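In: Okay, predicted coordinates and the sequence, questions at the end:
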Amino acid sequence: MNSSAKPYMNPYLAGVCLGLVLTGSFLILGTGLGASSGIARIAAAIQAWLLPEHTANTPYFGAWGKYPLDYYLVYMFIGTIIGGLISAVGQKRLSFQLEKGKQCSSWKRISFALIGGLIVGYASRLAQGCTSGQALTGGALLLTGSLVFLICLFASGYAVAYVVRRQWDD
Amino acid sequence: MIDTFFGLGQLDSSRALFMSLVIGILFGIVLERAGFGSSRRLSGVFYFRDMAVIKVMFTGMITAIIGITLSVRFGLISEPSIYLMPTLYKAQIIGGLLFGIGFVTGGWCPGTAAVGAASGKWDAVVFLGGAIGGSIFFNETYAWIKGVYEAGNPHIAFIYQSIGMPKGWFILFFVLTGILVFWCVELIEKKRNQTHNYLHSDFLKQFSFVLLVAGFSVFMFLGDPSSDAKTTGSPSQSVDTSEQVLLTQIENALDHMDPEDLARRLMAGPQDLVLVDVRSEPEFLKFHIKTARHIPLKDLVQQLEPYRNKGLIVLYSNGMTHPAQARDVLARLGFGNVYLLTDGLDGFIKRCLRPVSLRSEPVPESAAREINQWRQFFLTSASAPAGKAFLAGAAPSGLPLPGIIDSQRLSSLLGIPDLRVIDLRSQPEYNTRHIPGSLALNVESLRGNIKGIPSCLLPAPLLAGHLSLMGIQPRTLVVMVCGDKVQDATLAGMALERLGHANYAVLAGGFLRWKAMGLPTDTLLPQIKITPYPEADNDQFTIDYKTVLSHMQNKTALIIDVRPQAYYTGEKSDEARAGHIPGAVNRPFDLDTVKSADAVEFKPVSELTGAYEKIIPSKATHVIVHCRTGHQASQTFFVLKHLLGYSRILWYDAGWTEWASRMELPVKTGITP
């Protein structure tokens, strides 16, 4: 981290801002926030670009038609990256690095990130959403399934945390 | 009232995509400012090192719960215009458990990884690559995991309902839990880190207090039914009254119809008066003046074309601004018979419907009696099957059209000039015995080959020609009489609807019931004079495969396949391909009718209401109905739109015939949607 980086925002006030953005999304779009659908649509586009015929015939990606990227959550995902960049530059937090504990080797952290990504990508499709689209958005609507997802997420997260703790050892 | 892009079915419009980008940018900024561009900080929550994830997420949820609840409560937005995700326990439990493992292993979740990548974190980039791979892996193993993905019955479930707690109480409980959790995690952080935190800060005390007040406020608002009256229609009211002063000066007072005048005319029964409500659809569904018809401003000219300079057209809104502007436009287009309701709906309620006991001014006894009559007429059954009462021309008052008419009622109307009874049975059956004065029509003559697709409803001008030859005019009440196929009556109804002719009814039980009741029949052919019928196309409900595909892909509409189950699953097929549109649910059309000893007729509305409530989330959900050729689906269309009051029903006329033959369109077989 740069020594000149500004401190993080008060988490409670950040939470209020997050809630206001979410409410605004409901008032304008009529839907909440989402991130994993954007990733899945990009995945569908990549697969369609590599294997057009095969992808069109798959039951899941195939149902998204020829132009999977013409979807509002893809735009929201791109927006999230842009917003992150704007803020990281503004807060002087933009720095190219691999975040890990000092004792942890780079290849270990990279493989953990990759495995975690694979699991999260799969789980988000199964549960039809991630922390943003399912837990936060559905939780704000008080939907039963979303809160069940949120509880399961933290339960298994805490259960497995010990196993993968070494990556953060300093 | 805000119309969301989802509510309008326009989430794929370029404006919606642009707004999604903007909301995404704000989302990204907030996540980054909260420090979620760091996997070390994110994963800290699992080691009780840094509890920011819980603080931000819980606060965000509480804020949004309060924001959304109050927005709905105060009429800023209606619940149907919000997308509610279905609850699917198995997928969400297994998905959640897997997700937690991925989250703690990778140190990221999808949204935060986007921000992390933007902050230059290589592990976030790797994680995103993994997530793309995981999505592709899901696609490849879909057949294998489908059982879990689709397990159970997808339904909208709210947590407070699931645990049987009133909503207000649950929100209060949620907020109190949140405050408790915040103090606990601060305590944990202090024990673990012994660094600066909020535990003893004034901020946390003040913040907890603000949350507490907000929680109690929502609780009070939800618990107080009297605030209902305060909010109804208030958003547009203030604008209208300020404009009203200006408009009353400009407007010629002769263009107005006073509320009392309108009330007397409507009470007097059938006459040539079309009352048009130009407010938004949700407002109309909530309450409207009995007999009023809802027409959005943009469709006004088209839908009123049949009534140009015929009878009276009276427009109303909450106030007068919109109807006045609309009246000007109509006047410029040559409508000389358009009137405004003085002071709008607000004035009508104040001057005609407000109880005498609540009025500050003295009311003479004769006036009081009239007010009581109006209250009885306009406030009873006004809400029953909401939004479809429409009185015009010869329609007997109180008969909601389009709708169902019973044999007794029809027999009392026989002989009036503005009535046409259309017999849709076979010609030999008609020739042998029919309702006196009825005209035979083969429903197939209303369909033809349109651009290569067989059995499509004919275009408006050709249908208008048919009506002309049968002496039907826009004001005519048309009654459809079928044999044992109710869908013949409803398909003929679709032809009328394409021309904007809402003035029609289906005879309950058809000819068989008429005969069983011993009502008169004869064998004479009626004498008919040809009358012109306007060719205006008022079809807003027929859609093509492209629209269906777009709704299917974006999940913006519920598709109901009304064919028999064996065709839906693909066991049987008379078409290019077997199966159904992916995502479509099966509700065979013949489940909506019942065959009794003497006739086939619709099941009772209460029974149908219960059946469709299980399938369709809300009255404003976009629903697409289809079958093979559009014939059977017309019956489901009629049931949903006119008997049950669903407002957004779309008809995919070309149906499975076209879908199956277009090889680029996806098809699914089996019993699951």
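Out: Arrived safely, thanks for sending. Numbering: from 1, shown residues only, chains lettered A, B, ... in the order given.
In: Check the stretch 401-550 of chain B for the residue nearest chain A and tell me.
Out: Of all residues in the stretch 401-550 of chain B, the one sitting closest to chain A is residue B:549 (6.5 Å; Cβ to the nearest Cβ). C-beta: built from backbone N, CA, C; applies to glycine.
In: where does that residue fall, phi/psi-wise?
Out: Dihedral angles of residue B:549 (phi, psi; degrees, to the nearest 10) stand at phi -60, psi -40.
In: Contacts only, for it.
Out: By Cβ atoms under 8 Å, 6 or more residues apart in numbering or on different chains, the contact set of residue B:549 is A:65, B:665.
In: and it, what pLDDT?
Out: You'll see residue B:549 listed with a pLDDT of 91.
In: Just the buried residues of the host helix or strand of residue B:25, please?
Out: If you go by DSSP states H and E, residue B:25 is part of helix B:14-33. For helix B:14-33, the neighbour count (16 or more other Cβ atoms under 10 Å in any protein chain shown) marks B:16-17, B:19-33 as buried.
In: Next: stretch A:38-49.
Out: Of all the residues in stretch A:38-49, those buried under the rule 16+ other Cβ under 10 Å are A:38, A:39, A:40, A:41, A:42, A:43, A:44, A:45, A:46, A:47, A:48.
In: of those residues, list those near chain B.
Out: Of the residues in the buried residues of stretch A:38-49, proximity to chain B by Cβ under 8 Å from any Cβ of the partner chain holds for A:38, A:39, A:40, A:42, A:43, A:44, A:46, A:47.
In: Closest one of the residues you listed to residue B:5?
Out: residue A:38 (16.7 Å; Cβ to Cβ).
In: residues in contact with the closest one?
Out: Taking Cβ under 8 Å, 6+ apart as the criterion, residue A:38 is in contact with A:71, A:73, A:74, A:75, A:76, A:77, A:78, A:80, B:110.
In: how about 7 Å then?
Out: For residue A:38, the contacting residues are A:73, A:74, A:76, A:77, by Cβ atoms under 7 Å, 6 or more residues apart in numbering or on different chains.
In: just residue B:612 next, same as before
Out: B:640, B:644.
In: Within reach of chain A, which of the buried residues of helix B:14-33 are there?
Out: When Cβ under 7 Å from any Cβ of the partner chain is applied, the members of these adjacent to chain A are B:16-17, B:19-33.
In: and the contacts of residue A:38, which two are the farthest apart?
Out: By the measure Cβ to Cβ, A:74 and A:76 form the most distant pair in the contacts of residue A:38, at 7.3 Å.
In: ok, the two, which is more surrounded?
Out: Taking other Cβ atoms under 10 Å in any protein chain shown, residue A:74 and residue A:76 do not tie; residue A:76 has more neighbours (33 against 24).
In: Surely the more buried one touches residue B:26?
Out: No: at 10.1 Å, residue A:76 does not count as touching residue B:26 under the criterion of Cβ atoms under 7 Å.
In: Quick one: list the elements packing against whichever strand or helix holds residue B:637.
Out: Here residue B:637 sits within helix B:631-638, counting by DSSP H and E. On a contact count with 3 or more Cβ pairs under 7 Å, 6 or more residues apart in numbering or on different chains; DSSP states H and E, helix B:631-638 meets helix B:486-498, strand B:623-626, strand B:649-651.
In: Mind listing the strands the second one pairs with, and their directions?
Out: Read it as strand B:623-626. Sheet pairing here is set by DSSP bridges, and for strand B:623-626 it gives strand B:558-561 (parallel), strand B:649-651 (parallel).
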